[in-house]
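Trainee: Sharing a sequence plus its predicted fold:
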Amino acid sequence: MSDMTQGGGIIEAAANGGFPLSPQQRRLWALHQADPAAPWRAQMMVRLNGDLDAARLRAAIGGVVARYEVLRTSFPCPPGMKEPIQVVGGPDFLWEHTSAPSGLSAAEREAWIESLWHGGAAVPPDLERGPVLAASLVTLEPSLHLLSLRLPALCADAASLVRLASEVAEAYASVSDAGAEEPLQYADLASWQNELLDSGEEGRAYWRRLEIGPSLAFALPFQAAGSRTGHAPRLAALPLSADLAGALAQRAEVLGAPLPSLLLAGWLALLSRLSGEREIAVGVAFDGRSYDGLAEALGPLARYLPLPMACDPDQAFSRLVAEVQRQVGELYERQEFFCWEDLPGVGSLAAGYTAAFDFTELPPRRDAADLGLTLERLSAGHERAGLRLSWTCREGALRGELHYDEAALERADALRIGSQLATLLAGAAAAPETPLARLPVLTPDERRWLLFDLNDTARLLPEDPVYRLFEVWADRTPEATALVFEEERLTFAEVEERSNQLAHHLRVLGVKSEVSVALLLPRSHQMVVAILAVLKAGGCYVPLDPGYPAERLRMMLDDSGVRVLVARGGLAFAAEPGGLAIVHLDEAATALAAEPVASPRNGATAENLAYIVYTSGSTGRPKGVMVA
């Protein structure tokens, strides 16, 4: 261990028998304090094929724990201190060996393994007292096992898990680790990182100059307003075929860019399209191991750094890949000097990123004694993000996962985003010179839904005319309010009675199927009653606005072949038009009251004309549109 003798925090930590946190651990501790229920964990699952000696495996893990102090470090918070300290304990770890349920089908066993993976992530370690490492061995078959290793994120990141898997394999293969070189301990690295950050004014100035606050705050795609608070991370697998994975790797090679840069460019392009923002910033994971000798170190060295990017809709995808590659290289050189406090204009966004990205290269299968070890999957949550795209790759085989915050995004929408990303990447791999705005994002199912399913609005019309439907409802709820105009209210029974009486009167005047009746009425309860009456008589109505010029009204009357005119008060004509039977509703009130209240039988069907409505005539003579 290092000689901890400098700085107030170091002295306090040493006085309490421990060591100060690293910058990454402080960030994680702040996230943990803000949301203790969130699974700030690092975990991996290793597939073991062959003749396994479980006792030997347990001893191998114990040897690795004894070798690396960070695997047995707890985090008590002494009285009077605002943050915990690192305290190295004995080489203890939690061990469990079980067997999978018998009689499961292949699909059922995969589902059970999936639940095992998520269930393990939900078990919180004892941060204050330890042990912090939990190892679970599950026997699937006599020669097939799964080993899960779980640690708090305060103790490991993704690169640590990869290294830990290798260390376990080496320890299992070796009878003894005598003569092995003493590894670099994380407490030493924490001290070095704190000193580097304190003295790296030039590096920290780079982050202070960035103006990325607004570009960090874009809305998540499909995020509903008023999302729940808290942080509830969930996982959705990304649909990615082996053919597409191969095409992406080949395209990255042709463009002269690393595969992660191409995948990150696709993520940025999709987020820009879905959010409508040209300037966006996402958190990109860097492993924190840019210095010599750190590649084999265990412990949380990784950071998610903000990558601001301008996504011009007219920009070719290949140009975006090149720009991503350039900026990622620039951030790589300054990763040790990043801290949230140096970002100007971020404010509450220090709670995390809207979207994030990480990529981890998994090692090939490792043989140890009579056992084959394959690191199947890993996950390391050490930053908060509403939507994190996580990639793992082994010998060209890509696996993508979307880690989404259920407090902000529904699962169905997360799955949709994953499908859209796969669609966009396929388009980009096939035609990298395509402008960002023209890259495909709709899956075939979405395209079919938008173009056909959503527009499939055809419905069978009821066989009865509309006035018959009104009669049925009036019979069901006669006393319910049917019509309100200003201070007057009419029940269904009253509307039905008045419209029936007017309908009988119209029948006497010769109204039947296909006979037009003009309604020269202002907006009122009488207009609604008159419409129903015309339909009940079997005719079709022609609405006339009393505010129209007399010339237009005469033209509409002549063109529609109206035989009867229903009006109220004086007519808007210089002289009443001849050849029409006119019903003045105010004058005919007594005659109408004497008509029958039952609905007349007219023989009209739903296929007969219901009304004729006229166009505005702005491009010429108004035209009547006949509607059944």
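Mentor: Structure's in. What do you need? Source: prediction; values computed, not measured.
Trainee: do you know how far residue 157 is from residue 382?
Mentor: Per C-beta to C-beta, to the nearest Å, residue 157 is found 6 Å from residue 382. C-beta here means a position set from N, CA and C on the backbone, and glycine is covered the same way.
Trainee: next one: residue 448
Mentor: Distance from residue 448 to residue 382, by C-beta to C-beta: 40 Å.
Trainee: Looking at these two, which one has more neighbours?
Mentor: The neighbour count for residue 448 versus residue 382, taken as other C-beta atoms under 10 Å, is higher for residue 382 (24 against 12).
Trainee: Look up how far residue 311 lies from residue 144.
Mentor: For residue 144 relative to residue 311 (C-beta to C-beta), the value is 46 Å.
Trainee: With neighbour numbers in mind, choose between the two.
Mentor: residue 311 (21 against 14).
Trainee: Now for the nearest residue to residue 219 once chain neighbours are set aside, how many residues are close by?
Mentor: The shortest distance from residue 219 to any non-neighbouring residue, by C-beta to C-beta, 6 or more residues apart in numbering, is to residue 275 (5.8 Å). By other C-beta under 10 Å, 17 other residues sit near residue 275.
Trainee: Between residue 157 and residue 382, which contacts overlap?
Mentor: Common neighbours of residue 157 and residue 382, counting by C-beta atoms under 8 Å, 6 or more residues apart in numbering, are 24, 42, 300, 302.
Trainee: Out of the residues you listed, which two sit at the greatest distance?
Mentor: In the shared contacts of residue 157 and residue 382, two members sit farther apart than any others by C-beta to C-beta. They are 24 and 42, at 11.9 Å.
Trainee: so what's in contact with these two at the same time?
Mentor: Counting by C-beta under 8 Å, 6+ apart, the shared contacts of residue 24 and residue 42 are 157, 300, 382.
Trainee: Does the last one belong to a helix, a strand or coil?
Mentor: By that I understand residue 382. Put simply, residue 382 is coil when judged by DSSP: H, G, I helix; E, B strand; the rest coil.
Trainee: Spit out the contact partners of the residue lying closest to it once chain neighbours are set aside.
Mentor: Of all residues not flanking residue 382 in the chain, residue 153 sits nearest, at 4.4 Å (C-beta to C-beta, 6+ apart). The contact partners of residue 153, by C-beta under 8 Å, 6+ apart, come to 28, 40, 41, 42, 300, 380, 381, 382.
Trainee: Most neighbours out of those, which is it?
Mentor: Tallying neighbours with other C-beta under 10 Å puts residue 300 at the head of the contacts of residue 153, with 30 neighbours.
Trainee: My assumption is that that one lies in a strand; please confirm.
Mentor: No. Read with three-state DSSP, residue 300 is coil and lies in no strand.
Trainee: Let me know whether it touches residue 151 as I believe.
Mentor: No. Residue 300 is beyond contact range of residue 151, at 9.5 Å (criterion: C-beta atoms under 8 Å).
Trainee: Mind listing the shared neighbours of the two?
Mentor: By C-beta under 8 Å, 6+ apart, residue 300 and residue 151 have these common neighbours: 42, 160.
Trainee: mind listing the helices for the stretch 301-450 of the chain?
Mentor: According to DSSP state H, counting those that start in this stretch, the stretch 301-450 of the chain carries its helices in the segments 317-332, 411-430, 444-448.
Trainee: Could I get the contacting residues of residue 61?
Mentor: Each residue near residue 61 by C-beta under 8 Å, 6+ apart is listed here: 93, 95, 133, 135, 149, 168, 171.
Trainee: Let me know the secondary structure of the fifth one.
Mentor: If I follow you right, that is residue 149. Going by three-state DSSP: residue 149 is strand.
Trainee: could you measure it against residue 71, distance?
Mentor: From residue 149 over to residue 71 the distance is 9 Å, taken as C-beta to C-beta.
Trainee: related to what we said a few turns ago, counting neighbours, which of the contacts of residue 61 comes out on top?
Mentor: Counting neighbours by other C-beta under 10 Å, residue 133 leads the contacts of residue 61 with 27 neighbours.
Trainee: My guess is that residue contacts residue 96. True?
Mentor: No. Using C-beta under 8 Å, residue 133 makes no contact with residue 96, being 12.0 Å away.
Trainee: how far out from the middle of the chain is stretch 299-313?
Mentor: 20 Å (C-alpha atoms, centre = their mean, to the nearest Å).
Trainee: switch to numbering from 18
Mentor: From this message on, residue numbering opens at 18, which makes the last subject stretch 316-330.
Trainee: quick one: buried residues of that stretch?
Mentor: Buried positions in stretch 316-330, judged by neighbour count with 16 or more other C-beta atoms under 10 Å: 316, 317, 318, 319, 320, 321, 322, 323, 324, 325, 326, 328.
Trainee: which of those residues lies closest to residue 199?
Mentor: residue 316 (15.2 Å).
Trainee: show me what contacts the closest one?
Mentor: Neighbour list for residue 316: 39, 87, 172, 173, 174, 177, 203, 206, 207 [criterion: C-beta under 8 Å, 6+ apart].
Trainee: For it, grab phi and psi.
Mentor: Dihedral angles of residue 316 (phi, psi; degrees, to the nearest 10) stand at phi 130, psi 160.
Trainee: distance of it from residue 553?
Mentor: Applying C-beta to C-beta, the value for residue 316 to residue 553 is 85 Å.
Trainee: tell me the contacts of the nearest residue to residue 322 once chain neighbours are set aside?
Mentor: Nearest residue to residue 322, sequence neighbours excluded (C-beta to C-beta, 6+ apart): residue 348, at 5.0 Å. Counting by C-beta under 8 Å, 6+ apart, residue 348 touches 301, 303, 322, 324.
Trainee: would you turn those residues into CSV with distance to residue 519 and pLDDT?
Mentor: Formatted as CSV, the contacts of residue 348 follow (distance: C-beta to C-beta, whole Å; pLDDT from 0 to 100):
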residue, distance to residue 519, pLDDT
301, 74, 95
303, 81, 94
322, 77, 92
324, 73, 92
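Trainee: Among the residues you listed, give me the pair with the biggest separation.
Mentor: 303 and 324 (9.9 Å).
Trainee: ok, now which ones touch residue 351?
Mentor: 220, 223, 224.
Trainee: mind checking how far it is from residue 332?
Mentor: Counting by C-beta to C-beta - residue 351 and residue 332 are separated by 25 Å.
Trainee: Could you list the low-confidence segments of the stretch 268-417 of the chain?
Mentor: Scanning the stretch 268-417 of the chain for pLDDT under 70 picks out 362-368.
Trainee: now the chain
Mentor: 18-34, 137-140, 192-197, 230-231, 241-249, 362-368, 587-595.
Trainee: Which parts of the stretch 468-617 of the chain are strands?
Mentor: 498-502, 505-508, 533-537, 557-561, 581-584, 598-601 (DSSP state E, counting those that start in this stretch).
Trainee: Can I get those in a markdown table including distance to residue 611 and mean neighbour count?
Mentor: Shown next, in a markdown table, are the strands of the stretch 468-617 of the chain (distance: least, C-beta to C-beta, whole Å; neighbours: other C-beta atoms under 10 Å):
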| stretch | distance to residue 611 | mean neighbour count |
| --- | --- | --- |
| strand 498-502 | 23 | 14 |
| strand 505-508 | 20 | 14 |
| strand 533-537 | 20 | 24 |
| strand 557-561 | 23 | 22 |
| strand 581-584 | 18 | 24 |
| strand 598-601 | 14 | 17 |
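Trainee: I'd like the ones you listed as CSV, with distance to residue 287 appended.
Mentor: Below are the strands of the stretch 468-617 of the chain laid out as CSV (distance: least, C-beta to C-beta, whole Å):
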stretch, distance to residue 287
strand 498-502, 50
strand 505-508, 55
strand 533-537, 55
strand 557-561, 50
strand 581-584, 60
strand 598-601, 65
